[in-house]
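Asks: return atomic coordinates for the entry below.
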Amino acid sequence: MKERQRGFTLIEMMIVVAIIAILVTILVPNLMRARAQAQTAACEGNLKEIATALELYETDHDSYPQSGNVDASNTDLLPYVQQVPVDPAAGPGKPYTFTVTNSSSGPASYAITCPGMHDPATLQAINQGDTTATHIQYGSATGFTTVGSQ
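Replies: Presented below is the predicted three-dimensional model:
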């Protein structure tokens, strides 16, 4: 007598596919949110690194460098950063920018701006309820702040 081979029925296969589809619909949004949060955290780290480079430059030269971009052409800051930071939200080719403000009434200050757009939900710890903010700034006097589209 031949033994009959048993396989999966169409109903069993459809149930497995439905379960996989449910798992994917649950996991994909969570993975996208985690990716956006990681990009924002990396950007914050890059802004802190640039701020440290500006402070080191100021310590060595008694003034901040001229306003500009943080890229390979900025020879003033290159000795103070391990490598040129790349914003994960904007990608290569869009450098961080910094603006130095010299004041006659007080010390000079600077503001560093992130070039990439971030998910406003990942900026909740910084933006204090502003749901239109998509960019991160770091200022020597203000710390982290957010601004709308640039």
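
Asks: mind checking which helix or strand of this protein has the lowest mean pLDDT?
Replies: helix 124-127 (a mean of 76; mean pLDDT, DSSP states H and E).

Asks: I'd like to know which elements that helix is packed against.
Replies: strand 143-147 (3 or more CB pairs under 8 Å, 6 or more residues apart in numbering; DSSP states H and E). The way it works is simple: take the backbone N, C-alpha and C, and place the C-beta from them, glycine included.

Asks: tell me which residues of the strand it packs on come out buried.
Replies: 145-147 (16 or more other CB atoms under 10 Å).

Asks: so what's the residue count around the residue lying closest to Thr142 once chain neighbours are set aside?
Replies: Counting by CB to CB, 6 or more residues apart in numbering, the nearest residue to Thr142 once its immediate chain neighbours are dropped is Ala111, at 7.8 Å. Neighbourhood size, Ala111 [other CB atoms under 10 Å]: 19.

Asks: and the angle for the strand or helix carrying Ala111 with strand 143-147?
Replies: Per DSSP states H and E, Ala111 falls inside strand 109-113. Using axes from the mean of the first three to the mean of the last three CA atoms, to 10 degrees, the direction of strand 109-113 lies 50 degrees away from that of strand 143-147.
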